[in-house]
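> Structure of the sequence below:
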Amino acid sequence: MSDKDSGDKQPWVVPVVVAIVGATSAIAVAWLNKPQQATTTTASSSQVSPSASSSTTTSPTQASVTNSSTASATSNQEVKLIPLYNWWSPSRADHFTTTNAGFNEGPDYQQFRTEGYIFDPALPQPSGTVPLYLWWSASREDNFTTTINFNGYPDYRRARTEGYVFDPALPQPPRTVALRSYWSPSRQDNFITTNGSFDGGPDYEYSRLEGYVRVSP
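Residues are numbered from 1 along each chain as shown. Down below sits the predicted model:
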């Protein structure tokens, strides 16, 4: 081959090389641009998620506070303390202990002290308490307030539930005083009191611990 023939072919080589390089560059640029757009879209999506997650997390916290306040309010509404009064009738020689502040039955009962405060019987019974019942005996003309549910001898009939007192079988709660029961054979009278200095006259004998009552409402 002569030098002339080689020189005639050189003009064809340059355009081909330029075309190949240009096409390769275009493909490379297109490939690089495509992942960058996908990455930008993903990052944009992840920026929205924390905001939504934060909104969801706040809601249970607010619900917890609301439920706690509601539970506290409900608890306060369900617990009510009422006074436990003691009355005395000289003609019957009968003590009558009741939460009935409007009691005015004859013949000559007079209120002489407040023994403490117990839970209202109109509301659900609180845990750790026992009912305080009122019994009446016509033959003895005796009102008997007690936490025992006895057989009614000789003719005691349960009249009502006065309220709830702390269970005597459990440890004594703070801010309470013991409610004790006494019996007088000569008077045929049952008497309960929180008076720790009661001397038992004329012949009252200690019977039992009925429970514990609050010293203040």
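> who's the nearest residue to residue 217 once chain neighbours are set aside bridged to?
The shortest distance from residue 217 to any non-neighbouring residue, by CB to CB, 6 or more residues apart in numbering, is to residue 81 (4.5 Å). The C-beta positions use only the backbone N, C-alpha and C, and glycine is treated the same way. Residue 81 forms beta bridges with residue 119, as assigned by DSSP bridges.
> ok, now how distant is residue 81 from residue 163?
Residue 81 sits 9 Å away from residue 163, going by CB to CB, to the nearest Å.
> Looking at the two, which one has more neighbours?
residue 163 (25 against 15; other CB atoms under 10 Å).
> dump the residue contacts of the more buried one.
Neighbouring residues of residue 163 by CB atoms under 8 Å, 6 or more residues apart in numbering: 82, 84, 99, 118-121, 131-132.
> what helix or strand does it sit in?
strand 156-166 (DSSP states H and E).
> cool, residue 95 as well?
Residue 95 is located in strand 94-98, with elements delineated by DSSP H and E.
> what is the mean pLDDT for that strand?
For strand 94-98, mean pLDDT rounds to 96.
> Now residue 129. Nearest residue, chain neighbours left out?
residue 164 (3.9 Å).
> Walking through this structure, point out its strands one by one.
81-89, 94-98, 110-119, 129-137, 142-146, 156-166, 176-184, 189-193, 205-214 (DSSP state E).
> so what strands line up beside the second one?
Paired neighbours of strand 94-98 in the sheet (DSSP bridges): strand 81-89 (antiparallel).
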